[in-house]
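*Asks:* Predicted model follows, preceded by the sequence.
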Amino acid sequence: MCNDDWKSFEGCDALRIMHVMNIAVAILGATGYTGAELIRLIESHPHFQVKHLAAHSQAGKLAGDVLPGCAGKIAAMTLASADAPLPEDVELVFTALPHGAAATSVFAALKAGKKVVDLSADFRHKSNDVYKAAYGADHPHAELFEEAVYGLTEFTRSDVARARLVANPGCYPTSVLLPLIPLLKAGVVDNTSIIVDSKSGASGAGRSAKTDLLYCEINESVKAYGLPRHRHVWEMEEWAEGFSGAKTKIRFVPHILPMNRGMLSTMHLSGSDTDSWQDILNTAYADEPFVKVLANGALPSTAGISGSNRCDIGVAVLSNTEVVVVSCIDNLLKGAAGQALQNANLMFGFDETMGLATHALWP
Ligand SMILES: NC(=O)c1ccc[n+]([C@@H]2O[C@H](COP(=O)([O-])OP(=O)(O)OC[C@H]3O[C@@H](n4cnc5c(N)ncnc54)[C@H](OP(=O)(O)O)[C@@H]3O)[C@@H](O)[C@H]2O)c1
């Protein structure tokens, strides 16, 4: 804040700019895949600076001893415990923790006066009943549901910019909602018969040891999981209706593929005016930096978005009542850390593209 002792208005502005230039950031869950991706993004961000890293079973170790991708000053940082008090000068906290654990840390960070982007599912729902149906437990801080802003950035920009708490969307829901919402809003999709077949790279399941994610279980294999109702279906249906007003029923089957990152969702849709669907999506995303609607009939690939914060969408009209829409995101970027940074940029008044790549790592 400026006070009367300051010599000049210019000096006051300069100090304010210096403050804005250096916003201290904490990443809780820094040793996980999304936490590591956040470190990578924040390290090259012009205004955010990594100040505090925290973990759970790895707390007390050096970041560089746990994260193979980490170097320099960040590698020399000691990992705090996720429930340790946050440094006073930290203004922004990313919680990249398992659901359940995240809620407690989010509550503590807000109480300490920080802004929070939560990458877990803990604040993506608006009622305890829905949260409990999806995650099997009562929510410890349901009183924060009303305040939390669902951060599907393209549809909630102004709310995100004012928020203290942003609930970053799930990876599968992001890949499904971005193509679906404009079509639902236009009233051209039969909202009772949406079938989604999704594929994810193994990083989508996180870094903790699980037998069914061992190399020999995953390599040279593709498998479906999560039936009869994967927990992300509640999120997709809640927000498809929330953004479009149309009560929506989604049949969703996820699959895990032997690749590190990337997510492809194939939506089998029926409805009316199918010749207009390409134009509806073109118009909806014409000015969006991170959503690319491909030319009529072209289909996206995970290689085309890997390492970028983009969602690519392809439309194939099968008949005058049937359309297949395919979308691709990098689950760790637009599906997690990238969208989280997009939202954090807005919360601090920066251009939402700051520190984020539109171009993929290709080849
Ligand atoms: N992976 C994705 O593509 C993706 C996409 C969207 C959203 N998400 C969500 O983002 C969150 C993080 O996902 P991730 O894939 O990065 O997970 P992850 O790789 O399994 O990492 C989890 C992190 O949380 C810490 N942790 C584990 N158990 C904890 C507990 N009981 N209390 C506090 N901290 C704990 C771990 O610390 P230690 O290593 O020290 O044990 C680690 O830093 C999850 O809620 C996930 O659903 C993930």
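*Replies:* On my side now, so go ahead.

*Asks:* And for whichever residue of the stretch 101-250 of the chain sits closest to the ligand, the neighbour number?
*Replies:* Nearest to the ligand, among the residues of the stretch 101-250 of the chain, is Gly206, at 2.8 Å (Cβ to the nearest ligand atom). In this view, the C-beta of every residue, glycine as well, is placed from N, C-alpha and C. Other residues within reach of Gly206, judged by other Cβ atoms under 10 Å, total 15.

*Asks:* Need the contact partners of stretch 147-166.
*Replies:* Applying Cβ atoms under 8 Å, 6 or more residues apart in numbering, the external contacts of stretch 147-166 come out as 106, 110, 115-118, 123-124, 144, 167-169, 173-174, 177-178, 181, 239, 242-243, 285, 288, 290-291, 339-340, 342-344, 346-347, 349, 352.

*Asks:* 7 Å instead, please
*Replies:* The contact list for stretch 147-166, computed with Cβ atoms under 7 Å, 6 or more residues apart in numbering, reads 106, 110, 115-118, 123-124, 144, 167-169, 174, 177-178, 181, 239, 243, 288, 291, 339, 342-343, 346-347, 352.

*Asks:* which residue ranges form the strands in the stretch 1-150 of the chain?
*Replies:* All strands of the stretch 1-150 of the chain, identified by DSSP state E, counting those that start in this stretch, fall at 23-28, 48-55, 80-81, 90-95, 115-118, 149-150.

*Asks:* Could you dump those strands into TSV with mean pLDDT and mean neighbour count added?
*Replies:* As requested, the strands of the stretch 1-150 of the chain are exported to TSV (pLDDT from 0 to 100; neighbours: other Cβ atoms under 10 Å):
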stretch	mean pLDDT	mean neighbour count
strand 23-28	98	24
strand 48-55	98	22
strand 80-81	98	16
strand 90-95	98	24
strand 115-118	98	25
strand 149-150	98	22
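
*Asks:* export those strands to a markdown table and tack on distance to the ligand?
*Replies:* Output for the strands of the stretch 1-150 of the chain, formatted as a markdown table (distance: least, Cβ to the nearest ligand atom, whole Å):
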| stretch | distance to the ligand |
| --- | --- |
| strand 23-28 | 7 |
| strand 48-55 | 3 |
| strand 80-81 | 8 |
| strand 90-95 | 8 |
| strand 115-118 | 8 |
| strand 149-150 | 13 |
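
*Asks:* Pull out the buried residues from the helix or strand that contains Met267.
*Replies:* If you go by DSSP states H and E, Met267 is part of strand 263-270. Counting neighbours by 16 or more other Cβ atoms under 10 Å, one finds that the buried residues in strand 263-270 are 263-267, 269-270.

*Asks:* Redo those residues as JSON lines? Include distance to the ligand and pLDDT.
*Replies:* Formatted as JSON lines, the buried residues of strand 263-270 follow (distance: Cβ to the nearest ligand atom, whole Å; pLDDT from 0 to 100):
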{"residue": "Met263", "distance to the ligand": "8", "pLDDT": "98"}
{"residue": "Leu264", "distance to the ligand": "14", "pLDDT": "98"}
{"residue": "Ser265", "distance to the ligand": "14", "pLDDT": "98"}
{"residue": "Thr266", "distance to the ligand": "19", "pLDDT": "98"}
{"residue": "Met267", "distance to the ligand": "19", "pLDDT": "98"}
{"residue": "Leu269", "distance to the ligand": "24", "pLDDT": "98"}
{"residue": "Ser270", "distance to the ligand": "29", "pLDDT": "98"}
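
*Asks:* and Gly314, what does it touch?
*Replies:* 294, 298-300, 326.

*Asks:* Ile74 now?
*Replies:* Contacts of Ile74 by Cβ under 7 Å, 6+ apart are 39, 43, 50, 63.

*Asks:* ok, now how distant is it from the ligand?
*Replies:* According to Cβ to the nearest ligand atom, to the nearest Å, Ile74 stands 14 Å off from the ligand.

*Asks:* Quick check: that residue vs Leu341, distance?
*Replies:* 16 Å (Cβ to Cβ, to the nearest Å).

*Asks:* got it, and Ala137?
*Replies:* Taking Cβ to Cβ, one finds Ala137 at 29 Å from Leu341.

*Asks:* between the two, which one's more packed in?
*Replies:* Leu341 (28 against 11).

*Asks:* Quick check: the more buried one touching Ala357?
*Replies:* No - counting by Cβ atoms under 7 Å, Ala357 is not a contact partner of Leu341; they are 10.8 Å apart.

*Asks:* any chance of the strands of the stretch 1-150 of the chain in a markdown table, with distance to Cys311 too?
*Replies:* Formatted as a markdown table, those follow (distance: least, Cβ to Cβ, whole Å):
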| stretch | distance to Cys311 |
| --- | --- |
| strand 23-28 | 24 |
| strand 48-55 | 23 |
| strand 80-81 | 34 |
| strand 90-95 | 21 |
| strand 115-118 | 18 |
| strand 149-150 | 16 |
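
*Asks:* re earlier: quick one: buried ones out of the contacts of Gly314?
*Replies:* By neighbour count, with 16+ other Cβ under 10 Å, the contacts of Gly314 hold 294, 299-300, 326 as buried.

*Asks:* quick one on the thing from earlier: can you narrow the contacts of Gly314 to ones near the ligand?
*Replies:* Checked against the ligand using Cβ under 6 Å from any ligand atom, those yield no neighbours at all.

*Asks:* Which members of those residues occur in strands, if any?
*Replies:* Val326 (DSSP state E).
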